[in-house]
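Chemist: Dropping the sequence and predicted coords here.
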Amino acid sequence: MASPVRTDKLCKTYEVRARKGLFKSEKRSVKALNGISLEVKQGEIFGLLGPNGAGKTTLIKILTTLLLPTSGEAWINGYNVTRDENQVRASVGCMLMGERGLYWKLTGRENLEYFGALYHLNPTVRRKRASQIIELLKLDEIADRMVESYSSGQKMNLAFGKALINDAPLLVLDEPTNTLDVPSASELRSIVRQLNAQGKTVIYTTHIMSEAETLCDRVAIIDRGELLAIGTVDELKTSLQRENITHIEGIIPSRATEAVKAIPSVLRASRTTQNGGALLTVVTASGRETLPQLIEALTCSGAVIRKITPEELTLEDVFVAKTGRTLAEDTRIGNK
């Protein structure tokens, strides 16, 4: 049996215009994907983890035939995404644009039946599927109201239901819990697990570490269009077993961060602002032996230390170790 998803050296380059002065602009090439090769196994929940602009959405748009790759190849359920696009679309359920992919002047039920018709489901089957999805997602009370009257969370739930209408063996979900409150997000993840237990393979993109850590069987870390790491959460943590993570809270100026980075045993250091101060995450090769050097470098550079916490490895630490920065940074083309 063919793997549900396989990519080979997948690249996508965009030509964008950068403004130079008031009236001039110049073209430049931006690589959104740079040689992505991966394989998703049958029946797993596979996470694509990365910040905004990492290339996650570009990758899944190629996998679902919405974009053509610049080079490389990809296969979905054995079908080539550039040569067998109709077969690819028929075998995938997609949630890519959230509430923007819905028709607001139709009811929720009418939306589901309309998209069922696009998949060539006969009227009896699509009405049955729509009713099943409404029951599964607990949309009974709003199913026959126009979507324009829905809350953002209700629209996201309906968009998720739209991805289920063709009962495809592969689900591709692009940040499906975006805009959902905590209980609704938890319920959606529970349904994803339930569908996975029934045999569906799931690709799940997210920039929320805890979501990837608790939900996904395997995770691929993507940043700036490149695949930096892939494996189970435990495997990724194990890859850092010889490295140590220390979190330092306080008033930490930029020059103090640079002083820490200059310490030979410091592999990476990333600073984020929080609550009027800063959090410095330091990855070292020698653990507690480096702590006196860290304290000296910080205090001599004007830092005020409030708290030092050595931590057990998390997926967040893996991301920082692999990329040298945190998920909070935005790498979208327009923000570079």
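Modeler: That came in fine, so what should we check first? Numbering: from 1, shown residues only.

Chemist: Pairing-wise in the sheet, spell out the partners of the residue nearest to S71 when sequence neighbours are not counted.
Modeler: Leaving aside its chain neighbours, S71 sits nearest to C11 (4.6 Å; criterion: CB to CB, 6 or more residues apart in numbering). In this view, the C-beta of every residue, glycine as well, is placed from N, C-alpha and C. Under the criterion DSSP bridges, C11 forms beta bridges with N34, S71.

Chemist: who touches C11 in this structure?
Modeler: Listed by CB atoms under 8 Å, 6 or more residues apart in numbering, the contact partners of C11 are 31, 33-36, 69-72.

Chemist: Quick check: buried residues in the helix or strand that contains S37?
Modeler: Using DSSP states H and E, S37 maps to strand 24-40. Using 16 or more other CB atoms under 10 Å as the test for burial, strand 24-40 gives 31-34, 36, 38, 40.

Chemist: Show me what the next helix or strand after that strand is packed up against.
Modeler: Remark: after strand 24-40, the chain's next helix or strand is strand 45-49, criterion DSSP H and E. Here strand 45-49 touches helix 56-63, helix 182-197, strand 201-206, helix 209-215, strand 218-223, going by 3 or more CB pairs under 8 Å, 6 or more residues apart in numbering; DSSP states H and E.

Chemist: just the helices in the stretch 201-336 of the chain please.
Modeler: Along the stretch 201-336 of the chain, counting by DSSP state H, counting those that start in this stretch, helices occupy 209-215, 233-238, 254-261, 291-300, 315-323.

Chemist: related to what we said a few turns ago, using PDB, list the CA coordinates for the strand holding S37.
Modeler: The C-alpha trace of strand 24-40 is given here as PDB (Å, rounded to 0.1, in the frame of the first residue of the first chain):
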ATOM      1  CA  LYS A  24      10.900  52.200  -7.200                       C
ATOM      2  CA  SER A  25      10.700  48.500  -6.500                       C
ATOM      3  CA  GLU A  26      12.700  45.500  -7.400                       C
ATOM      4  CA  LYS A  27      12.000  41.800  -7.800                       C
ATOM      5  CA  ARG A  28      13.500  39.200  -5.600                       C
ATOM      6  CA  SER A  29      13.000  35.500  -5.100                       C
ATOM      7  CA  VAL A  30      11.900  34.100  -1.800                       C
ATOM      8  CA  LYS A  31      12.100  30.300  -1.200                       C
ATOM      9  CA  ALA A  32       9.000  29.300   0.800                       C
ATOM     10  CA  LEU A  33      10.100  25.600   0.600                       C
ATOM     11  CA  ASN A  34      13.600  24.400   0.200                       C
ATOM     12  CA  GLY A  35      14.000  20.700  -0.600                       C
ATOM     13  CA  ILE A  36      11.400  19.200   1.700                       C
ATOM     14  CA  SER A  37      11.500  15.400   1.700                       C
ATOM     15  CA  LEU A  38       9.200  13.400   4.100                       C
ATOM     16  CA  GLU A  39       6.800  10.500   4.400                       C
ATOM     17  CA  VAL A  40       3.700  10.300   6.400                       C
END
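
Chemist: All further residue positions should be reported with the first residue as 55.
Modeler: OK, 55 is where the count begins now, so the last one is strand 78-94.

Chemist: quick one on the thing from earlier: so which of the helices of the stretch 255-390 of the chain is the most surrounded?
Modeler: Mean neighbours per residue, mean count of other CB atoms under 10 Å, is largest over the helices of the stretch 255-390 of the chain for helix 369-377, with a mean of 22.

Chemist: list the helices and strands it packs on?
Modeler: Helices and strands touching helix 369-377, by 3+ CB pairs under 8 Å, 6+ apart, are helix 263-269, strand 272-277, strand 280-285, helix 287-292, strand 320-328, strand 331-338.

Chemist: Out of the buried residues of strand 78-94, which is nearest to S206?
Modeler: Distance to S206 across those (CB to CB) is lowest for A86, with 27.3 Å.

Chemist: Any figure for the gap between the closest one and I114?
Modeler: A86 is 12 Å from I114, where distance means CB to CB, to the nearest Å.

Chemist: Tell me how this structure divides into domains.
Modeler: 59-291, 296-366 (automatic domain parsing).

Chemist: Let's have the ones you listed in TSV, adding distance to A375 and mean pLDDT.
Modeler: Converted to TSV, the domains of the chain look like this (distance: least, CB to CB, whole Å; pLDDT from 0 to 100):
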stretch	distance to A375	mean pLDDT
domain 59-291	9	92
domain 296-366	5	88
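
Chemist: Ok, which of those domains comes nearest F373?
Modeler: Closest to F373 of the domains of the chain is domain 59-291 (CB to CB; 6.0 Å).

Chemist: What's the end-to-end length of that closest one?
Modeler: 25 Å (CA to CA, to the nearest Å).

Chemist: Spit out the contact partners of the residue lying farthest from the centre of the chain.
Modeler: Distance from the C-alpha centroid of the chain peaks at C354, with 39.0 Å (CA atoms, centre = their mean). Residues near C354 by CB under 8 Å, 6+ apart: A313.

Chemist: for the one 5 residues further on, same thing?
Modeler: I359 sits next to 302-304, 349, 352-353 when contact means CB under 8 Å, 6+ apart.

Chemist: From these, pick the one nearest A323.
Modeler: Using CB to CB, those come closest to A323 at I302, 9.3 Å.

Chemist: residues near that closest one, how many?
Modeler: 25 (other CB atoms under 10 Å).
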